[in-house]
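A.B. asks: I need the structure of the sequence given here:
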Amino acid sequence: MAVLDKIKRALRGEVELSTAAREAWRRGFASLDQRKDRAKVENYQKKPADVWQRLPAEEWLRHFRDDRDVKFFRGFTDRGGAEFYRGIFPNQAADLIASANRIVDEHRWPLLGFGEKSFGETIEWRRDPLSGYVWPLDYHADINLFRGDGSDARVLWELNRLGHFVTLARAYFITTDERYSMQFFSQLRSWDEQNPYGRGANWTCAMEVALRSINLIAAFHVFRHSPQFDNESLELLLRLFQEHGNYITDHLEFSHIATSNHYLSDLAGMCWLGDFLPEFRDSEYWSNVGSVDMLLEMDKQVLPDGADYEASTGYHRFVLELFLYSFVFQRLNEDHSDPTEDDIPSESWKKLHQMLIYVRSYLRPDGFAPLIGDTDSGQVLPMSCRRADDHAYVLAIGAVVFNDPGLKLAGVEPPEELFWILGEEGVRTFQELKPSDQYDGSRVFTDAGTYIMRHDDLYLCFNASGAGINGRGSHGHNDVLSIEVSAGGRAFIVDPGTYVYSADRAKRQEFRSTAYHSTVQIDGLEQNTIRVDTPFVIGNEAKPRVLEWKTSDDFDKVVAEHYAYPVVHRRTVTFDKRGRCWLIDDEFFGEGEHVYEVRFHFAPGLDVSVNDASVEAGGLIVSALNSEVQPVLENRSASIDYGELRDSVSACWKISGELRKLSWKISL
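C.D. replies: Reported below is the predicted structural model:
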């Protein structure tokens, strides 16, 4: 039975027989390759990076200290920009220095939604920050990532992405304080000593190796100008880059059946290593495979309307960062004489632009994002610790890259990421852009299944997305026909987020369940099959379908249904813009008596009370129009950041019988 389950999980979603056959062939060869890899790791001996030409030590060091042909982001490069940064971003500069000081003095820095953590006088890079478990140095493929003891590989991996090195590098760039460089090289040596190639949890996932590579590239680019940067440090960094590139190449997370943000991260890591290190013999291969296949993955993973195909706004932000930063980095290092040429096709730039428009459209009036599907708070090249629903900063970079004033939010100051990526010139260009309302108003993204109803300060997000990844969902939730509502710059009805992955499987199950979303649950069933023992598998039974969408100056209307239950659930949402309210009709088509539970999940911090058949939450009223059943308030939780937990409340109307229609009014 276990074998049958594995086959079903592997072939779920839209998979052609020929594709399944190619994947079976690939997996067969991968099994043989793993035997060779195991022997390689067991007999591994550290050796210098494989470069085209090794110069005498001092010349080699001078080569990397000097300005090479390789270009990096302007904010990390233009020395005159440090004073500009301090002048334009005085508060951020002060926070940056304070954060770097805590890294040096206390070995303390932020970790996802868990806040700042102190990692002790001697940092143990394999110690799980949650449970204290020290992950073993076994061969990477033998590591059990789902232990059931409160440990969480995702949290360990975040620590070992070494994103705090970017903090040290940025602080050094604006201060030249050698304490930051000394700390960087000291921690890097200890990391290398504790994480031998191919062994332990920090080498189990090529995505993590790739993201660590990107952060190390940024740190290397800055700290190569430090007096602490000597021959020994150079040899260490080059060897680590070689090992990281080799590991990614040998362990690409590719499948003929489906690829995800993991494989995309692998490719980005290869592309960055190849472009940044032309001295390496493997650089051309890394660069070519990374850049070419990233474009192929964009065609596959980004839907025509610009949404990432994993049914998750959190992973949309992550994938958008991967493409945006990688495209800008590649453009800086294009190797041809004609400046009008572009290594990245115009169609890919257009799709990247559409990804930004999608973000601009789904942001609530308060500037934050609805947390549809999973989010693990992941960032690429983290230059500021952003909570999981903060996506607006990426728009500022996009506004300058595409010279698109529609991506500039009115009244928003330039984010510091804009400086670090595009430098002083990028900030000044952004400041000169006049915000445009071209992406305001109600918008529809049919491929994503995201329908935005917006007028003035009123906002509703209607979710008709499928399981994601062509029905193979790994990061989707049971949130079909659910809604988010905000008004007056405040969120009222929200998606509760994700919380954690493997640290608490029961909570993982709760947060992706139907009962944790503002939709209808029938007979206690889930919309799509989810199981505690498969936290990254979700079924595809619901198959939502949108029947109608209309928008005008006076009203918006969307009608959609899904097929997960013994009866068909159809939901109609009508937005009365003049009356400043929403009307919701839940219709049910089928036979027999059933138990219907209609829920609305309210944002943390709201004062929620029941009044007969209605609920008031902080001034928002949800009224039952054709039922006298009194709702019950359920204690729930919400999680804006991975690992963070806040108390919240859900209102549930539980109605039994042979129903045809339930109606609701949401008003202020």
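
A.B. asks: may I see the buried residues of the top strand by length along the chain?
C.D. replies: As assigned by DSSP state E, the longest strand anywhere in the chain is strand 646-657. Within strand 646-657, the residues that count as buried by 16 or more other C-beta atoms under 10 Å are Arg646, Ser648, Val649, Ser650, Ala651, Cys652, Trp653, Ile655. For the C-beta atoms, the positions are set from N, CA and C on the backbone; glycine is no exception.

A.B. asks: and the second one, what is it in contact with?
C.D. replies: Just to be clear, that refers to Ser648. Residues in contact with Ser648 (C-beta atoms under 8 Å, 6 or more residues apart in numbering) are Pro496, His601, Phe602, Ala603, Pro604, Arg636, Ser637, Ala638.

A.B. asks: who does it form a beta bridge with?
C.D. replies: Beta-bridge pairing for Ser648 (DSSP bridges): Arg636.

A.B. asks: where do the strands sit along the stretch 551-668 of the chain?
C.D. replies: Assigned by DSSP state E, counting those that start in this stretch, the stretch 551-668 of the chain shows strands spanning 555-562, 568-576, 581-589, 594-601, 608-611, 614-617, 620-624, 632-638, 646-657, 661-667.

A.B. asks: adjacent strands (with direction) for the first one?
C.D. replies: Note on strand 555-562: by DSSP bridges, its sheet partners are strand 545-551 (antiparallel), strand 568-576 (antiparallel).

A.B. asks: show me what the mean pLDDT comes to for it.
C.D. replies: The predicted model gives strand 555-562 an average pLDDT of 98.

A.B. asks: contacts for it?
C.D. replies: Identification of contacts with strand 555-562 by C-beta under 8 Å, 6+ apart yields 442, 451, 453, 462, 464, 480-481, 527, 542-551, 568-577.

A.B. asks: low-confidence stretches in the stretch 151-300 of the chain?
C.D. replies: Regions of the stretch 151-300 of the chain meeting the criterion pLDDT under 70 are absent.

A.B. asks: the chain too?
C.D. replies: Within the chain, the ranges that satisfy pLDDT under 70 run 1-14, 336-341.

A.B. asks: nearest to Phe223, out of the strands of the stretch 551-668 of the chain?
C.D. replies: Of all these, strand 646-657 sits nearest to Phe223, with 38.3 Å by C-beta to C-beta.

A.B. asks: strands of the stretch 351-500 of the chain, start to end?
C.D. replies: With DSSP E, counting those that start in this stretch as the criterion, the stretch 351-500 of the chain has strands at 443-445, 450-455, 458-463, 482-487, 490-493.

A.B. asks: what packs against the shortest one?
C.D. replies: Using 3 or more C-beta pairs under 8 Å, 6 or more residues apart in numbering; DSSP states H and E as the contact criterion, the secondary-structure elements in contact with strand 443-445 are helix 346-362, strand 450-455.

A.B. asks: could you dump those into JSON lines with distance to His517 and mean neighbour count added?
C.D. replies: What follows is those, written out as JSON lines (distance: least, C-beta to C-beta, whole Å; neighbours: other C-beta atoms under 10 Å):
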{"stretch": "helix 346-362", "distance to His517": "16", "mean neighbour count": "19"}
{"stretch": "strand 450-455", "distance to His517": "15", "mean neighbour count": "23"}
